[in-house]
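[1] give the three-dimensional model of this entry:
(one chain, ligands or ions: 1)
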Amino acid sequence: MTQKRILLIVGGGIAAYKACELVRTIRKAGHAVRCVLTKGGSQFVTPLTLGALSEDKVYTDLFDLKDEAEMGHIQLSRQADLVVICPATADLLAKMHAGIADDLATTLLLATDKPVLAVPAMNVRMWQHPATQRNVIGLRADGVHVMDPDAGEMACGEYGPGRLPEVERIYGEIAHLLSAPSSGIAAQPDFTEGKHRPLYGKRVLVTAGPTHEPIDPVRYIANRSSGRQGFAIAQAAAELGAEVTLVSGPVHLTTPPGVIRIDVESAREMLAEVEKALPADVAIMVAAVADWRAADEAEQKIKKDGKSVPPLALAENPDILATLGKHEQRPALLIGFAAETEKVVEHAQAKLAKKGCDWIVANDVSGDVMGGANNAVQIITKDGVESWADAPKDVIARKLMEKIADAVGQG
Ligand code: CTP
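    Numbers count the residues shown, from 1 in each chain. Just a heads-up that it's a prediction; the model follows:
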């Protein structure tokens, strides 16, 4: 790999000492690294140490006129191929998310047009605080690469997520970003063009996957839904700048970047989490919610007695989509899916009316759609029916989100 230039911002936290090791690792890999030390960072490591390891000047003060003359903060941020914040404190993440620029580090984070990798490290409660989580989600939606911290025992004696990831893992992420295709580095979204992020500031709620309805502690009723279509929709929404909450039944899928994921098992749990996630501007109910659950969930495993088969009485589950359709916080755009095996449009039109939603995305599940990679859908609205050709689920997801953005976005 050709030599690249990394601008390393060292924030104020006990993990700052590990930034020294990171500087050595970057240098060893043959790249140049220039350090910016925040006021807090300088409580933990000295400019002298970082200067010696990076073999470069260390920058600390925005109002150092000599530096401003020689190297303005704009150039400092623009000359790098990649900006890395390590450790990224809760304070730095918050300022960056809010666009505050009150020292050299935050000013150049606002001025940079280069990819930014933030490596958080902080106390577990600070990491888990809704304010920090909101900032992380917002930053990811802005195109900032925010690593997940490691979990384990912390310097403060508490246990949980918040530890700085191992230097090896951080460097792995740096190498990955430096070697990304084309110009090497995925550019940040162009904020001057609103159409890249037409759902910025909008809250999108998505349900996905099957639900599991317990019969006894070891058995349940389920269906073949994989969750892939719902996850692809959540990802496409986040890519268009929305703040996305994904309420998912049991699936084997990783959470798309920038998406808040809430895992549930049963339809009743899913309804409770969906209601907690309101208000939302758009809700897309992709989950294949079980229509029925076992009327009486046995507390102990039901045993075979060799004589009779136990009866299975069913009770109807709440209809989440229909509940939202008449909810006092009904999302402005409410979209349901309809899995049909025959008379697709006719049944979907009936669902549109019955459930009080605005659009129905209907699909014929008589083939291998459920759990498969492709989907062919028809979009049913009060104005008519649009038929989309069979395509991979992520292509359908992007097309659907673009249609949604046209309907509700600011683009
Ligand atoms: N849905 C829901 N809650 C339920 C059942 C369905 O929110 N208890 C939602 C699904 O997420 C989907 C839409 O309703 O967006 C239609 O789901 P589908 O299974 O096609 O329809 P049902 O209402 O279950 O009707 P039927 O099974 O009779 O076709």
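[2] all strands of the stretch 301-411 of the chain, in order?
    314-316, 333-340, 359-364, 374-375, 377-381, 384-387, 391-392 (DSSP state E, counting those that start in this stretch).
[3] the ligand: which of the ones you listed is closest?
    Nearest of the strands of the stretch 301-411 of the chain to the ligand, taken as CB to the nearest ligand atom: strand 333-340 at 3.4 Å. The C-beta positions use only the backbone N, C-alpha and C, and glycine is treated the same way.
[4] now that closest one against strand 359-364, angle please.
    20 degrees (axes from the mean of the first three to the mean of the last three CA atoms, to 10 degrees).
[5] quick one: residues in contact with strand 333-340.
    With contacts defined as CB atoms under 8 Å, 6 or more residues apart in numbering, strand 333-340 is touched by 229, 281-286, 288, 321, 324-325, 344, 347-348, 351-352, 355-365, 369-370, 380, 404, 407-408.
[6] if we use 7 Å, what do you get?
    Strand 333-340 is contacted from outside by 281-286, 288, 321, 324-325, 347-348, 351, 355, 357-365, 404, 407-408, using CB atoms under 7 Å, 6 or more residues apart in numbering.
[7] and the ligand, which of those reach it?
    Here is what survives when the contacts of strand 333-340 are matched to the ligand using CB under 6 Å from any ligand atom: 285, 321, 351.
[8] which of the residues you listed tops the neighbour count?
    residue 285 (28 neighbours; other CB atoms under 10 Å).
[9] quick one: contacts for the closest residue in space to that residue that isn't next to it in sequence?
    In space, and not counting its chain neighbours, residue 285 is closest to residue 321: 4.5 Å by CB to CB, 6 or more residues apart in numbering. Applying CB under 7 Å, 6+ apart to residue 321 gives the contacts 285, 336, 355, 357.
[10] need the residues you listed in TSV (columns: pLDDT).
    Listed next are these as TSV, based on pLDDT from 0 to 100:
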residue	pLDDT
285	98
336	97
355	96
357	97
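[11] where does the chain have its least confident helix or strand?
    Lowest by mean pLDDT, DSSP states H and E among the helices and strands of the chain is helix 65-70, with a mean of 56.
[12] beyond it, next helix or strand please.
    The element immediately downstream of helix 65-70 (helix or strand, assigned by DSSP states H and E) is helix 73-78.
[13] buried sites along the helix ranked longest in the chain?
    Longest helix of the chain, by residue count under DSSP state H: helix 393-408. Neighbour-count burial for helix 393-408, counted by 16 or more other CB atoms under 10 Å, picks out 393-398, 400-405, 408.
[14] also stretch 99-114?
    Going by neighbour count (16+ other CB under 10 Å), the buried part of stretch 99-114 is 101, 103-109, 111-112, 114.
[15] likewise for stretch 165-182?
    Neighbour counts over stretch 165-182 (16+ other CB under 10 Å) mark 165, 167, 170-171, 173-174, 177-178 as buried.
[16] what of stretch 26-41?
    Applying 16+ other CB under 10 Å to stretch 26-41 flags 26-27, 29, 31-38, 40-41 as buried.
[17] just stretch 358-366 next, same as before
    Applying 16+ other CB under 10 Å to stretch 358-366 flags 358-365 as buried.
[18] again with stretch 313-326
    Buried residues in stretch 313-326, counted by 16+ other CB under 10 Å: 317, 319-325.
[19] closest residue of the stretch 51-200 of the chain to the ligand?
    Taking CB to the nearest ligand atom, the ligand has its nearest neighbour within the stretch 51-200 of the chain at residue 199, 20.1 Å off.
[20] sec struct for that residue, please.
    Secondary structure, DSSP: H, G, I helix; E, B strand; the rest coil: residue 199 is coil.
[21] quick check, it in contact with residue 241.
    Yes. With contact defined as CB atoms under 7 Å, residue 199 reaches residue 241; the gap is 4.8 Å.
[22] so which bits of the chain are right by the ligand?
    Residues of the chain lying near the ligand by CB under 6 Å from any ligand atom: 207, 267, 285, 287, 289, 291, 317, 319-321, 336-339, 351.
[23] mind redoing it with 5 Å?
    The chain comes close to the ligand at residues 285, 287, 289, 291, 317, 319-321, 336-339, as judged by CB under 5 Å from any ligand atom.
[24] hmm, residue 59 and residue 47 touching each other?
    No. With contact defined as CB under 7 Å, residue 47 does not reach residue 59; the gap is 8.6 Å.
[25] and these two? which has more neighbours close in?
    Taking other CB under 10 Å, residue 47 and residue 59 do not tie; residue 59 has more neighbours (22 against 16).
[26] quick revisit: out of the buried residues of stretch 313-326, which are inside helices?
    Per DSSP H, these map to helices at 320-325.
[27] relative to the centre of this structure, find the outermost residue for me.
    residue 307 (51.7 Å; CA atoms, centre = their mean).
[28] contact partners for residue 228?
    Counting by CB under 7 Å, 6+ apart, residue 228 has contacts 253, 393.
[29] what separation do you get for it and residue 20?
    To residue 20, residue 228 is 43 Å away according to CB to CB, to the nearest Å.
[30] swap in residue 260?
    Residue 260 is 34 Å from residue 20, where distance means CB to CB.
[31] what do you get for residue 130?
    32 Å.
[32] again, but for residue 103
    Distance, residue 103 to residue 20, using CB to CB: 21 Å.
[33] distance between the ends of stretch 30-42?
    From its first residue to its last, stretch 30-42 covers 26 Å (CA to CA, to the nearest Å).
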